[in-house]
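>>> quick check, what structure comes out for this input:
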Amino acid sequence: MWIIRRKTDFVPEDYGIYRYSGKECVRIAGKTAGMAAVVGYLFYDSIWGCLLLFPVFLAAELFGKKKLIAERRRHLTLEFRDALAGVSAALSSGYSAENAIGEALKDLRLLYPDGALIVREFVYMNARMRNGSTAEEVLSDFGERSGTEDIRSFAEVFSAAKRGGGNMIAILQRSIDKINRRIEVKREIRTFLAAKRYETLILKMMPFGIILYLRICSPGFLEPLYHNAAGIEVMTVLLLLYLGCAAAADRLMEVEI
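Model prediction:
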């Protein structure tokens, strides 16, 4: 018997894997076409240069998912912080661990739309607990799939506090406070790096500005570099050097926080 999955059903997601949507593919194709047109015009002055660069840039864009994965995990962690406030409040009110997750879902639905990742995750966790899973199991599974230290560490503390007994509310509150402080520190670091990334972007755009300026103000100055084998080789080497420097600059900005 075939089972038809409804669009509203939630499939547990591995946050270490990113799948492009149709809209994202269209946006990436448009962005890549623009990049290929600019680089092909400035470095080769040829429609063939644009056409040959397009698949290269497209492949680099499609396979460069590391930033998108990191950004999605960052948003998930920020949303999870709001979920922790709901869980903590429910536990303080006397709810069990399983019921506290259900109460937190009510608060999350007031803060986020139903399509938000954290809402979908809490809906999934509540559905699993109705089928017999424990709060420790669903949180541990979420922590492993999220790939984020904050969610994973909270799941571990939650499990240890529930098994070990004691003042569970106080233990979890300390864990929540620690996670909140860590998130604020990360936010301050990202704010500092944002300015540096902007400066890096300006430096990366300068070579294109210089070539465009020369082509407009001194058209004959770069003419020997176009439409001949030696010029194409020189411009290709320069382009490769530029791409290498740009990649190195981006790598320097990738600080693990």
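>>> so where is this structure shaky, pLDDT-wise?
1-11, 165-166, 255-257 (pLDDT under 70).
>>> where do the helices sit along the stretch 1-150 of the chain?
Remark: helices assigned in the stretch 1-150 of the chain by DSSP state H, counting those that start in this stretch are 22-39, 47-63, 66-92, 97-111, 117-130, 135-146, 149-164.
>>> other SSEs contacting the fifth one?
Using 3 or more Cβ pairs under 8 Å, 6 or more residues apart in numbering; DSSP states H and E, the elements in contact with helix 117-130 are helix 66-92, helix 97-111, helix 135-146. From N, CA and C alone the C-beta is placed, and that goes for glycine too.
>>> so which of these is nearest Phe221?
Of all the helices and strands packed on helix 117-130, helix 66-92 sits nearest to Phe221, with 37.0 Å by Cβ to Cβ.
>>> now that closest one, how far from the centre of its chain.
14 Å (Cα atoms, centre = their mean, to the nearest Å).
>>> do stretch 140-158 as well
Distance, centroid of stretch 140-158 to centroid of chain: 18 Å (Cα atoms, centre = their mean).
>>> not counting its own residues, what contacts that stretch?
12-16, 73, 76-77, 80-81, 84, 97, 121, 125, 135-136, 139, 159, 171-172, 175-176, 179, 182-183 (Cβ atoms under 8 Å, 6 or more residues apart in numbering).
>>> which of those residues are buried? Put it as a ChimeraX command.
Selection of buried members from the contacts of stretch 140-158 for ChimeraX, criterion 16 or more other Cβ atoms under 10 Å:
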select :13,15,73,76,77,80,81,84,97,121,125,135,136,139,159,171,172,175,176,179,182
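>>> deepest-packed of the helices and strands packed on helix 117-130, please.
helix 135-146 (a mean of 19; mean count of other Cβ atoms under 10 Å).
>>> so how far is it off the chain centroid?
The answer for helix 135-146 is 20 Å, by Cα atoms, centre = their mean.
>>> ditto for stretch 96-104
The answer for stretch 96-104 is 29 Å, by Cα atoms, centre = their mean.
>>> same deal with stretch 182-198?
The answer for stretch 182-198 is 15 Å, by Cα atoms, centre = their mean.
>>> returning to that earlier point: redo the helices of the stretch 1-150 of the chain as CSV? Include distance to Phe221.
Shown next, in CSV, are these (distance: least, Cβ to Cβ, whole Å):
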stretch, distance to Phe221
helix 22-39, 19
helix 47-63, 19
helix 66-92, 37
helix 97-111, 58
helix 117-130, 53
helix 135-146, 54
helix 149-164, 53
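>>> still on that earlier bit, identify whichever of the helices and strands packed on helix 117-130 lies nearest to Arg187.
helix 66-92 (8.8 Å).
>>> the closest one vs helix 97-111, what angle?
Put simply, helix 66-92 runs at 120 degrees to helix 97-111, going by axes from the mean of the first three to the mean of the last three Cα atoms, to 10 degrees.
>>> for helix 66-92, packing partners?
Helix 66-92 sits against helix 97-111, helix 117-130, helix 135-146, helix 149-164, helix 168-217, with contacts defined as 3+ Cβ pairs under 8 Å, 6+ apart.
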